[in-house]
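1. I would like to see how this sequence folds:
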Amino acid sequence: MAKKAYRVEGKFYAKNMWYPFKKEIVSSSKVKAKEKVLSIIGSNHRVKRKKVEIKEVKELSPEEVEDPVVKYLIEN
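-> This is a model prediction of the structure:
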C-alpha cells in the first residue's frame, strides 16, 4: 500500500491553555494519520485523547510537504 503525506492541524489542552499544533505524517490513510498524531501528542505532552481537538486532516502533494523527513519518506 502506498504511503501518503498528511498534514494534521488542531489544538490540545494542557496547563489551563489551548496550544495549536500542525504535524506532517506519513501514513496510508487519513484515519491512521489522525491516530498517529493523537498518539504522538499524548506521548510527548501527556495529554489524554479527549483533550486533543483535530480541526483538519489534509492529504499533501509532494510539493506541499515542508518537513524534510516526511518528504524523504514519500519520495523513496
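2. neighbouring contacts of the worst-scoring helix or strand of the chain on mean pLDDT?
-> None of the helices or strands of the chain scores lower by mean pLDDT, DSSP states H and E than helix 68-75, at a mean of 94. By Cβ atoms under 8 Å, 6 or more residues apart in numbering, the residues outside helix 68-75 that reach it are 3-5, 24-26, 62, 65. C-beta: built from backbone N, CA, C; applies to glycine.
3. buried residues in it?
-> Neighbour-count burial for helix 68-75, counted by 16 or more other Cβ atoms under 10 Å, picks out 70-71, 74.
4. which strands and helices sit next to the helix or strand where Ala33 lies?
-> Following DSSP states H and E, the helix or strand that holds Ala33 is helix 30-45. Packed against helix 30-45 by the contact rule (3 or more Cβ pairs under 8 Å, 6 or more residues apart in numbering; DSSP states H and E) you find strand 4-14, strand 17-27, strand 52-60.
5. tilt between the last one and helix 68-75?
-> Counting by axes from the mean of the first three to the mean of the last three Cα atoms, to 10 degrees, strand 52-60 lies at 50 degrees to helix 68-75.
6. do the same with the first one
-> Angular relation of strand 4-14 and helix 68-75 on a 0 to 180 degree scale: 150 degrees, by the same axes, to 10 degrees.
7. neighbouring strands of strand 4-14 in the sheet, and parallel or not?
-> Looking at strand 4-14 with DSSP bridges, its partner strands are strand 17-27 (antiparallel), strand 52-60 (antiparallel).
8. dump the ones you listed to a markdown table, plus distance to Arg46, mean pLDDT and mean neighbour count.
-> Shown next, in a markdown table, are the strands paired with strand 4-14 (distance: least, Cβ to Cβ, whole Å; pLDDT from 0 to 100; neighbours: other Cβ atoms under 10 Å):
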| stretch | distance to Arg46 | mean pLDDT | mean neighbour count |
| --- | --- | --- | --- |
| strand 17-27 | 13 | 97 | 15 |
| strand 52-60 | 12 | 97 | 15 |
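9. which one of these lies nearest to Glu35?
-> strand 17-27 (8.5 Å; Cβ to Cβ).
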